[in-house]
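Give the three-dimensional model of this entry:
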Amino acid sequence: MAYTTINKSTDYFNTKLYTGNSSTLNVTGVGHQPDFVWIKDRSSSGDDFAMYDAVRGVNKRIRSNQNDAENTETAALTSFDSDGFTVGTAGSSNGNGDSFVAWNWKANGQGSSNTDGSINTTYTSVNTTAGFSISQYTGTGATATIGHGLGVVPKMIIIKQTNTTRNWVVGHDSIGWTKYLYLDSTNAQGTGNLFNDTAPTNQVFSVVNDGGVNASGGTYIAYCFAEKTGYSKMGSFIGNGNADGTFAYLGFRPAFILVRASNLTTNWHLYDNKRDPINPADTILRANSSNVDATNSEFAYDFVSNGFKARSSGSEFNGSGNTFIYYAVGQSLVGSNNVPCTAR
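Have a look, this model is predicted:
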């Protein structure tokens, strides 16, 4: 088994906690210049998730818990910096005294057009080492393919139409590409032809004439994630309904997990090793909700050296017979000798 040569995982992904000041704030210590920043106010009820990327440009906000169009927030994220980012006075990103979490991914700046598919992207920003890309494209209203630039097959794709109200579409390899989920919704997986019933290839992913993925003249952003052994993994597990829960093998200790039951009407749950530096990891945010941090033993997972283990019998977290899909990024370090070690 060949491991990805990533000597420092924070070069490509990191979770950063900070406290707002309602003024200009330079958030540092990320470990890289991020190209995708996902921010949540953890302490002020009602504040939405705020998502920014270098492809669409600073000030351009979309919200994972809302289906509305992109908007311009000049007082929110104002720059991507060499070791983090800068935020202005907007309460959703910098409310005075509020506690915030920001998840940060590195791609490759704004990028350039990718011409591998039948739709040429406006920009595609790619980090082939870490298996992450961001693509912006304009829909044609017909079955099409779109280049993601990863050079390997993505296992999860998140798409949002940015110029109008539209649900976020999520494709995940563990449910198959004849099905989809909505990131902004608790709906269980739907069966539909959004991805043309076709798994992505190492060059492109497929879409059909549907507003969620390819309306004529619509503008879209697609976040594509590929597995990198020792660093990231997308998979699934079956719950056992027991506090001595199911173990999900990753091959690394996780730093971040996005997880939900695909077959239930339920939430998307976000965990990380900064809000919960020791086990159990039982502080969650819900990507489809504006709720603040919630901590409860019924939400618990343990982050262990080679994966994570459910410590709850609750249906949303480990319900018996339910299928749980996840995306995980590691805090493991894997060197050029291909020998993995753990970061904590």
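
how about the helices in this protein?
For the chain, the helices defined by DSSP state H cover 91-94, 315-318.

give the contact list for Asp184.
63-67, 167-168, 287-288 (Cβ atoms under 8 Å, 6 or more residues apart in numbering). (Each C-beta comes from the backbone N, C-alpha and C, glycine too.)

10 Å instead?
Asp184 makes contacts with 49, 62-68, 160, 166-170, 268, 287-289, as judged by Cβ atoms under 10 Å, 6 or more residues apart in numbering.

Contacts only, for the closest residue to Ala199 other than its chain neighbours.
Nearest non-adjacent residue to Ala199, counting by Cβ to Cβ, 6 or more residues apart in numbering: Trp177, 4.8 Å away. Applying Cβ under 10 Å, 6+ apart to Trp177 gives the contacts 157, 171, 193-200, 205-206.

pLDDT score for the nearest residue to Gly314 once chain neighbours are set aside?
Using Cβ to Cβ, 6+ apart and skipping the chain neighbours, the partner closest in space to Gly314 is Glu298 (4.7 Å). pLDDT for Glu298: 86.

tell me the contacts of Gly109?
By Cβ under 10 Å, 6+ apart, the contact list for Gly109 reads 33, 35, 54-55, 80, 123, 125, 134.

picking up where we left off before, just the ones in strands from the contacts of Asp184, please.
Judged by DSSP state E, strands contain the following of the contacts of Asp184: 160, 169-170.

For PyMOL, write the select line for the buried members of the residues you listed.
Buried members of the ones in strands among the contacts of Asp184 can be picked out in PyMOL with the line below, counting by 16 or more other Cβ atoms under 10 Å:
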select buried, resi 160+169+170
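
And the ones in strands among the contacts of Asp184, which is closest to Asp293?
Checking those against Asp293 by Cβ to Cβ gives Val170 as the nearest, at 23.0 Å.

quick one: which of the contacts of Trp177 is nearest Ala144?
Scanning the contacts of Trp177 for proximity to Ala144, where the rule is Cβ to Cβ, the winner is Ser206, at 7.3 Å.

pretty sure the closest one is in contact with Thr178, am I right?
No - using Cβ atoms under 10 Å, Ser206 is not in contact with Thr178; the gap is 11.5 Å.

Pick out whichever of these two has more residues nearby.
A side-by-side neighbour count of Ser206 and Thr178, using other Cβ atoms under 10 Å, places Ser206 first with 23 against 17.

Which positions are bridged to that one in the beta structure?
Per DSSP bridges, the residues bridged to Ser206 are Thr145.

Check what pLDDT it gets.
With respect to pLDDT, Ser206 has a value of 98.

now Gln331
87.

residues touching it, list them.
9-10, 13-15, 231, 252-256, 272-274, 303, 342-344.

Okay, it and Ser236: tell me how far apart.
According to Cβ to Cβ, to the nearest Å, Gln331 and Ser236 sit 21 Å apart.

likewise Thr323?
6 Å.

can you check Thr165 too?
As for Thr165, its distance to Ser236 is 30 Å (criterion: Cβ to Cβ).

the more surrounded of those two?
The residue with more neighbours, out of Thr165 and Ser236, is Ser236; 16 against 10, by other Cβ under 10 Å.

shared neighbours of Ser206 and Thr178, anything?
171, 193-199.

All set now, cheers.
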